[in-house]
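Novice: Kindly return the folded structure for what I paste below:
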Amino acid sequence: MYFLWYLLIGLAAGWIANLIVKGDGSGLVINLIVGLIGGVLGGWIFSWFGWIPVGTFGSFLTALAGAVILLWIVSMITRRKHVEQ
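Specialist: Numbers count the residues shown, from 1 in each chain. Here you go, the predicted model:
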């Protein structure tokens, strides 16, 4: 049951991160992938500071922060490729 809950949290975090960074959503599957990878990335980054997300809201904020950072990094890489061409 927790697996399904984390998928829903990842989907919501990916969708909101896409709204923040890009201004629109990228589709169900991409938002889910971004949210799940963002959750792992956010948890890893937060662990550097000794922060541990607690509960559903903490997991959501961690995934959201990680997804925003992930999309920011991807946008920096894709901009650099467009500039070089």
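Novice: Strands of the protein, residue ranges please.
Specialist: Assigned strands in the chain: none (criterion: DSSP state E).
Novice: center of it, which residue is that?
Specialist: Nearest to the geometric centre of the chain sits residue 67, at 1.6 Å (Cα atoms, centre = their mean).
Novice: Verify the stated contact: that one with residue 30.
Specialist: No. Applying Cβ atoms under 8 Å as the test, residue 67 and residue 30 come out as separate, 10.9 Å apart. From N, CA and C alone the C-beta is placed, and that goes for glycine too.
Novice: And the pLDDT at the residue nearest to the centre of the chain?
Specialist: Per-residue confidence (pLDDT) for residue 67: 91.
Novice: so what's it closest to, chain neighbours aside?
Specialist: Leaving aside its chain neighbours, residue 67 sits nearest to residue 38 (2.8 Å; criterion: Cβ to Cβ, 6 or more residues apart in numbering).
Novice: Mind naming the longest helix for the chain?
Specialist: Using DSSP state H, we find that the single longest helix of the chain is helix 55-84.
Novice: now that helix, how far from the chain's geometric center?
Specialist: 6 Å (Cα atoms, centre = their mean, to the nearest Å).
Novice: got the buried residues for it?
Specialist: Within helix 55-84, the residues that count as buried by 16 or more other Cβ atoms under 10 Å are 59-71.
Novice: Now distance to residue 48 too, for those, in CSV please.
Specialist: Converted to CSV, the buried residues of helix 55-84 look like this (distance: Cβ to Cβ, whole Å):
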residue, distance to residue 48
59, 17
60, 20
61, 16
62, 13
63, 17
64, 17
65, 12
66, 12
67, 17
68, 17
69, 12
70, 16
71, 20
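Novice: before we move on, the earlier item: any figure for the gap between the residue nearest to residue 67 and residue 59?
Specialist: Distance of residue 38 to residue 59, computed by Cβ to Cβ, to the nearest Å: 11 Å.
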